[in-house]
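A.B. asks: requesting a structural model of the entry that follows:
(chains A and B)
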2 protein chains.
Amino acid sequence: MLADMQNGPLLVSHLLEHAARVYPQQRIISRTVQGERHEYTYQQAHQRSKQLAMALQDLGVRRGDVVATLAWNTYRHFECWYGISGMGAILHTINPRLFAEQLSYIVNHAADSYIITDLTFVPLLEALAPQLKTVKGYIVMCAADEMPGAKLPNMLCYETLLAAQSGDYNWPEFEENSACSLCYTSGTTGNPKGVLYSHRSSVLHSFAVCARSGMGLDASETVLPIVPMFHANAWGLVYACAMAGCRIVLPGPHLDGASICSLINDEQVDFTAAVPTVWSMLLAYMESSGKRIDCLQSVIIGGSAVPAAMIESFEQKYGVEVWQAWGMTELSPLGSINKPLRGQRDLPYAEQLAIKVKQGRAVFGVEMKIVGPDNRALPHDGKAFGRLMVRGPWVVERYFRATEPATDCDGWFDTGDVATIDALGNMQITDRSKDVIKSGGEWISSIDLENAAVGHTDIREAAVIGMYHPKWDERPLLIVVLREPQKPFNKASLQAYLETKVAKWWLPDAIEVVTEIPHTATGKINKVALREQFAERVKGGQLIT
Amino acid sequence: MLADMQNGPLLVSHLLEHAARVYPQQRIISRTVQGERHEYTYQQAHQRSKQLAMALQDLGVRRGDVVATLAWNTYRHFECWYGISGMGAILHTINPRLFAEQLSYIVNHAADSYIITDLTFVPLLEALAPQLKTVKGYIVMCAADEMPGAKLPNMLCYETLLAAQSGDYNWPEFEENSACSLCYTSGTTGNPKGVLYSHRSSVLHSFAVCARSGMGLDASETVLPIVPMFHANAWGLVYACAMAGCRIVLPGPHLDGASICSLINDEQVDFTAAVPTVWSMLLAYMESSGKRIDCLQSVIIGGSAVPAAMIESFEQKYGVEVWQAWGMTELSPLGSINKPLRGQRDLPYAEQLAIKVKQGRAVFGVEMKIVGPDNRALPHDGKAFGRLMVRGPWVVERYFRATEPATDCDGWFDTGDVATIDALGNMQITDRSKDVIKSGGEWISSIDLENAAVGHTDIREAAVIGMYHPKWDERPLLIVVLREPQKPFNKASLQAYLETKVAKWWLPDAIEVVTEIPHTATGKINKVALREQFAERVKGGQLIT
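C.D. replies: Residues are numbered from 1 along each chain as shown, chains lettered A, B, ... in the order given. Sure, this is the predicted structure:
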């Protein structure tokens, strides 16, 4: 029997409409690309988003068309998120850190009709434009008198377009499973793959972000989304802040330690979110300048494993609570978050830290299991590790334009991560499944080994890859960058140190010192490149110990 | 274009499954009907809910069948919520405080197949059973040796039924708009009307409850739902606690001040929710006993307007933050909640209190507007008042078995309340639309006048109804119950007091002293009965001033 409740669609336009209605005077503050401070209200943001929707309509953009953005976190980019998706078109957030060939690949694959860009990226687009087959025009996010002298075909001014529109517009209502936005993953192998989100998945994901056991956004707080809107949907904050009615601070292009520190203090930020790289810069800046961030209450760190020392620094030195989170583009991105349980704050800090280095508990909406090589679920004992599988209403079903589903026959998506889950529900990533080292039928976590190595005072960065072994199939090769390359370094002392940190059979068979470890566009260690660099070892050269 | 995200149904079985998987050891604690303390885990609750589903299946209950409960808040009632709805049947929560004729009406109207009851209500059911046409059996929530000697047809023992089942059961997956549960409103006129909730509406509503800007439930907290599961779905807490993984305390039948006070302290409750009547009893008990509730952090009060003195008592004397909430059975029930905005806690307390007496801001998912007699939306200035209209995915579309929708042609549901909305988004109920007094084309709020009257030291309770006036159409009649009926009382002193509180043209034309004011089954002032009692005045007798 069907129920008798109202059953309107879940649409992202409702989020901004809600904020404008219930929190009309709440502020959205930006540092613009030009560096100025811009401040306006949700009501104004709503109005201008509607003007943008009307302008795009006049340009011939129709429901289901893809409109891309190449932009920093500012109020204009915020308007694009609502204006484009709200009118029923598809917002494609391009990561400008991708390589040129990846950029032209994704623009063509997505069939972007227009690209809305910050001034910063106009030179990049000038170089790319000849390869971009579907793009009808480029909209530059600036005022008329700031328009660049670039030679982009059909270059339009964002503010001129908006000024021509009244904003007297009603958001259309349509099927909630309609495509809302598109984000490509930057894999280390093959072409980037697109994830096409629905309005339904985006609104449901926003609920999970707003849950107190999620990121716990509240109208009483000021939120600074440092994680870029082009990186895994700014972890859902663009939508979730409107849902909760938060005061928002958008940082613009400057994400260095000094800029972030002054932004947090100037705007009295309560909560912020970014990857460890950003926090390393901020902590280093505060260390050297003696500055503090006393207004900040809590911080979400995700994107890669968070070093215990970083958590300790934030919590013990600066009084900022750290919540580690885990997710992926394929999960919209939120999968799990590590928030303290009853009594946890009363534990000795070392014990708290041992919990906090984990990636946390699955949020409601994301089903999680770990499976062994036979695909059978493993126990949640914090020891057994296996491939991490997820399922739920904001998890990808199929990559954009793919013919095959991205899930198995029971609907599970293989995250490509290897993890444990403990009795308190906390998941901990131990490796990427393609990076785990299979030694004599047992698994060695490359990430655990890397984390152990960077604990040594001489080591700045470490990477572990598997190399061929005639008896054990694979054994770990540890590649390190030294903190002070000119200082003499003793491999034996590192081996001795590692012996105190990991099981004896996990110890690397070889250590290589390099001046630099290659990284991907999103700042992760590029193990594909490392395997090429050390191809002889990986594929079975002689072993050097 | 449709998106490529997973699109499984939102089902309430997922809530308990999530809690059992992510918070397996989290506790559910009950005071049973017999008075004992019972404690078990989410994992056990999940297992027993599945045993119940299997037992009902064996009794012939099929998807879409209605199974009723007549029960207090205990772990067995909790299992019914998940077992019945999880298997695809419809949970009908009966309010035992309804009058006998209303009870038999709703059981027959719902076509209940089985009634699962606490021992408490067996005598009530014995009297009703001959009128209940569709009921195939009565399941008594007790152990075999506790079964009563009652003469109920096909009387079954809950624990015996469960003991026969393994619990090896997979919750079925089905359409998310399927009926999940059914709750009747206890109107003051006509037959009670049923609201048939869907799985979708219930899960979406749970997200709103868990939002930090909603009730903000968290796994680190202990939640005591005092509001009964038969009263507007215990305000969503049965579902939302599982979604958030909270430790739950279920109070059983004893809701008096002493019982609640010791329960809060014994179980170290952080958060609880109930109607003002319960809090009056608790505050009076603490006043007389000198006891405190220092573990309690915050409390939700709703169901009827919260007196400022009650908020002040909780906050200033006991250090418990009060969040007023507003909702109705037709809204699942959450519509709005009053949580402090940035800077509010720094205001002088009198100013905070002036905000806190309002019913708060609409949660995301509930669209709210106030309209005048011409159906046009009124400004959000905190002054204009009009009929409160709502719309959203957990608002009723049509009453159960009704042929006409409960909404207007644009999908708005008329709450029957009259309200203002201020510039900060805070809604305040000023009256029920049928109770508002229309004097010379202007509206006088009966509730405001009642609240003003109870501020006078001599007045225990007050009710205001409209009485006929040849010139003004209607004028207010104030009916009061005295605190000390034997003490001499001066109507003129009350009039003089009111003059300092309300506009002069709002002053009642007459004051009547009674020994008791009639109430409805849910404890609200029964104005229908009052209008009958004072029929001559209401319809146009002589005016006595």
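
A.B. asks: do stretch A:351-362 and chain B come into contact?
C.D. replies: Yes - using Cβ under 8 Å from any Cβ of the partner chain, we find that stretch A:351-362 touches chain B at A:Arg361, A:Ala362. Glycine gets a C-beta too; all of them are placed from N, C-alpha and C.

A.B. asks: can you give me the end-to-end span of that stretch?
C.D. replies: 21 Å (Cα to Cα, to the nearest Å).

A.B. asks: now A:Ile301: phi and psi?
C.D. replies: phi -120, psi 130 (degrees, to the nearest 10).

A.B. asks: please look at it and A:Ala325 and confirm they touch.
C.D. replies: Yes - the criterion here is Cβ atoms under 8 Å, and A:Ile301 meets it with A:Ala325 at 7.2 Å.

A.B. asks: between the two, which contacts overlap?
C.D. replies: Taking Cβ atoms under 8 Å, 6 or more residues apart in numbering or on different chains as the criterion, A:Ile301 and A:Ala325 both touch A:Ala273.

A.B. asks: top helix in chain A by residue count?
C.D. replies: For chain A, the helix that runs over the most residues, judged by DSSP state H, is helix A:42-58.

A.B. asks: helices or strands up against that helix?
C.D. replies: Applying 3 or more Cβ pairs under 8 Å, 6 or more residues apart in numbering or on different chains; DSSP states H and E, we find helix A:42-58 packed against helix A:13-22, strand A:27-31, helix A:75-86, helix A:158-163.

A.B. asks: quick one: secondary structure of A:Gly214?
C.D. replies: Following DSSP: H, G, I helix; E, B strand; the rest coil, the label given to A:Gly214 is coil.

A.B. asks: where does chain A dip in pLDDT?
C.D. replies: Scanning chain A for pLDDT under 70 picks out A:187-189, A:540-545.

A.B. asks: most centrally placed residue in it?
C.D. replies: Nearest to the geometric centre of chain A sits A:Ala232, at 4.3 Å (Cα atoms, centre = their mean).

A.B. asks: so that one makes contact with A:Cys183?
C.D. replies: Yes - counting by Cβ under 8 Å, A:Ala232 does reach A:Cys183; the two are 6.7 Å apart.

A.B. asks: and for those two, which residues touch both?
C.D. replies: Common neighbours of A:Ala232 and A:Cys183 (criterion: Cβ under 8 Å, 6+ apart): A:Thr329.

A.B. asks: what sits closest to whichever residue of the stretch 201-350 of chain A sits closest to chain B if chain neighbours are left out?
C.D. replies: The nearest approach of the stretch 201-350 of chain A to chain B comes at A:Phe207, 3.7 Å away (Cβ to the nearest Cβ). Spatial nearest neighbour of A:Phe207, excluding adjacent residues (Cβ to Cβ, 6 or more residues apart in numbering or on different chains): B:Phe207 at 3.7 Å.

A.B. asks: report the secondary structure state of the one you found.
C.D. replies: Following three-state DSSP, B:Phe207 is assigned to helix.

A.B. asks: run the chain-centre distance for stretch A:345-360.
C.D. replies: Distance, stretch centre to chain centre, for stretch A:345-360: 24 Å (Cα atoms, centre = their mean, to the nearest Å).

A.B. asks: contacting residues for A:Thr74?
C.D. replies: The neighbours of A:Thr74, taking Cβ under 8 Å, 6+ apart as the test, are A:Ser30, A:Arg31, A:Thr32, A:Val33, A:His38, A:Asp118, A:Met141, A:Leu250, A:Gly252.

A.B. asks: now do 10 Å
C.D. replies: A:28, A:30-34, A:38, A:80, A:118, A:141, A:229, A:250-253 (Cβ atoms under 10 Å, 6 or more residues apart in numbering or on different chains).

A.B. asks: can you check A:His456 too?
C.D. replies: Each residue near A:His456 by Cβ under 10 Å, 6+ apart is listed here: A:Ala462, A:Val480, A:Arg483, A:Ser493, A:Leu494, A:Ala496, A:Tyr497, A:Leu498, A:Lys501.

A.B. asks: what about 6 Å?
C.D. replies: For A:His456, the contact set (Cβ atoms under 6 Å, 6 or more residues apart in numbering or on different chains) comprises A:Leu494, A:Tyr497.

A.B. asks: where do the helices sit along the stretch 401-545 of chain A?
C.D. replies: Counting by DSSP state H, counting those that start in this stretch, the segments of the stretch 401-545 of chain A that form helices are A:446-454, A:491-499, A:527-533, A:535-539.

A.B. asks: looking at this, A:Gly293 is in a strand?
C.D. replies: Let me fix one detail, which is that residue A:293 is Ile and not Gly. No - A:Ile293 sits outside any strand when classified using three-state DSSP, being coil.

A.B. asks: count the neighbours of the residue lying closest to A:Gln43 once chain neighbours are set aside for me.
C.D. replies: In this structure, A:Gln43 finds its nearest non-sequential neighbour in A:Pro24, 4.3 Å apart by Cβ to Cβ, 6+ apart. Per other Cβ atoms under 10 Å in any protein chain shown, the neighbour tally for A:Pro24 reads 17.

A.B. asks: ditto for the one 4 residues further on
C.D. replies: The local packing count at A:Ile28 equals 23, with neighbours defined by other Cβ under 10 Å.

A.B. asks: how about it: what's its closest non-neighbour residue?
C.D. replies: A:Ile248 (4.8 Å).

A.B. asks: now name the helix or strand holding the one you found.
C.D. replies: Using DSSP states H and E, A:Ile248 sits within strand A:247-250.

A.B. asks: partner strands of that strand, with direction?
C.D. replies: For strand A:247-250, the pairing partners within the sheet under DSSP bridges are strand A:27-31 (parallel), strand A:222-225 (parallel).

A.B. asks: A:His46 is nearest to which of the ones you listed?
C.D. replies: Closest approach to A:His46 among the strands paired with strand A:247-250 is made by strand A:27-31 (10.4 Å; Cβ to Cβ).

A.B. asks: name the residues that touch that closest one?
C.D. replies: Counting by Cβ under 6 Å, 6+ apart, A:38-40, A:45, A:74-75, A:247-252, A:267 sit against strand A:27-31.
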